[in-house]
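Colleague: Any chance you can model this:
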Amino acid sequence: MPSIGERVAYLEGKTEDHTRAIGDVRDDVRDLRAETIAGFEHVDRRFEQIDRRFEQIDGRFAHMDSRFHWIVGLQFATLLAVLSTLLASYYR
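Modeller: Predicted structure coming up:
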């Protein structure tokens with residue numbers, strides 16, 4: 001049977017091994033956290049780029065929307081002119 005000194009030395013050795021392993025795990029978690037934060041920052045930058053693209057597209061649609069109103073207005077005016085001409089020729 002081992003003496004108390006040997007037992008204590010054995011337990012101290014085991015404790016040092018566990019302390020070193022926990023330190024390694026702590027370092028790995030710290031590195032993983034840093035990589036995750038960097039990944040999220042990359043995603044944030046991509047979303048900012050996408051937001052800028054959508055703003056550009058919205059601007060284009062606003063410009064097209066005003067042109068669409070003009071086209072519809074002209075078509076309606078042309079329709080009224082044709083209908084009024086037909087009605088005038090019918091009632092003569």
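Colleague: show me what contacts residue 19?
Modeller: Residues near residue 19 by CB atoms under 8 Å, 6 or more residues apart in numbering: none. In short, each C-beta sits where N, CA and C put it, glycine included.
Colleague: State the three-state secondary structure for it.
Modeller: Three-state secondary structure (criterion: DSSP: H, G, I helix; E, B strand; the rest coil) places residue 19 in helix.
Colleague: Pull up the gap between it and residue 33, please.
Modeller: In this structure, residue 19 and residue 33 are 21 Å apart, going by CB to CB, to the nearest Å.
Colleague: Tell me how far the host helix or strand of residue 53 lies from the chain's centre.
Modeller: With elements taken from DSSP states H and E, the one containing residue 53 is helix 4-90. Once both centres are worked out by CA atoms, centre = their mean, to the nearest Å, helix 4-90 turns out to sit 1 Å from its chain's centre.
Colleague: what's the distance between the residue nearest the centre of the chain and residue 55?
Modeller: Note on the chain: the residue nearest the mean C-alpha position is residue 47, at 3.9 Å, using CA atoms, centre = their mean. Summarising the geometry, the distance separating residue 47 from residue 55, computed by CB to CB, is 13 Å.
Colleague: likewise residue 86?
Modeller: Using CB to CB, one gets 47 Å for the distance from residue 86 to residue 55.
Colleague: Same check on residue 79?
Modeller: Separation of residue 79 from residue 55 (CB to CB) stands at 36 Å.
Colleague: What is the burial count for residue 23?
Modeller: Applying other CB atoms under 10 Å, we find 10 other residues in the vicinity of residue 23.
Colleague: for residue 50, same thing?
Modeller: Other residues near residue 50 number 10, with proximity taken as other CB under 10 Å.
Colleague: Let me see the confidence value for it.
Modeller: On the pLDDT scale, residue 50 is placed at 94.
Colleague: That one and residue 58, how far apart?
Modeller: Relative to residue 58, residue 50 is positioned 13 Å away (CB to CB).
Colleague: same question, residue 49
Modeller: Shown here: residue 49 relative to residue 58, a distance of 15 Å by CB to CB.
Colleague: Keeping just the C-alphas, turn stretch 43-63 into PDB.
Modeller: The C-alpha atoms that make up stretch 43-63 are tabulated as PDB, following Å, rounded to 0.1, in the frame of the first residue of the first chain:
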ATOM      1  CA  VAL A  43     -22.100  38.400 -42.100                       C
ATOM      2  CA  ASP A  44     -22.900  42.000 -40.800                       C
ATOM      3  CA  ARG A  45     -20.800  43.500 -43.600                       C
ATOM      4  CA  ARG A  46     -22.600  41.300 -46.200                       C
ATOM      5  CA  PHE A  47     -26.000  42.400 -44.900                       C
ATOM      6  CA  GLU A  48     -24.900  46.000 -45.200                       C
ATOM      7  CA  GLN A  49     -23.900  45.400 -48.800                       C
ATOM      8  CA  ILE A  50     -27.300  43.800 -49.500                       C
ATOM      9  CA  ASP A  51     -29.100  46.700 -47.800                       C
ATOM     10  CA  ARG A  52     -27.300  49.200 -50.100                       C
ATOM     11  CA  ARG A  53     -28.300  47.100 -53.100                       C
ATOM     12  CA  PHE A  54     -31.900  47.100 -52.100                       C
ATOM     13  CA  GLU A  55     -31.800  50.900 -51.600                       C
ATOM     14  CA  GLN A  56     -30.400  51.200 -55.200                       C
ATOM     15  CA  ILE A  57     -33.200  49.000 -56.500                       C
ATOM     16  CA  ASP A  58     -35.800  50.900 -54.600                       C
ATOM     17  CA  GLY A  59     -34.500  54.100 -56.200                       C
ATOM     18  CA  ARG A  60     -34.800  52.600 -59.700                       C
ATOM     19  CA  PHE A  61     -38.400  51.400 -59.000                       C
ATOM     20  CA  ALA A  62     -39.400  54.900 -57.800                       C
ATOM     21  CA  HIS A  63     -38.100  56.300 -61.100                       C
END
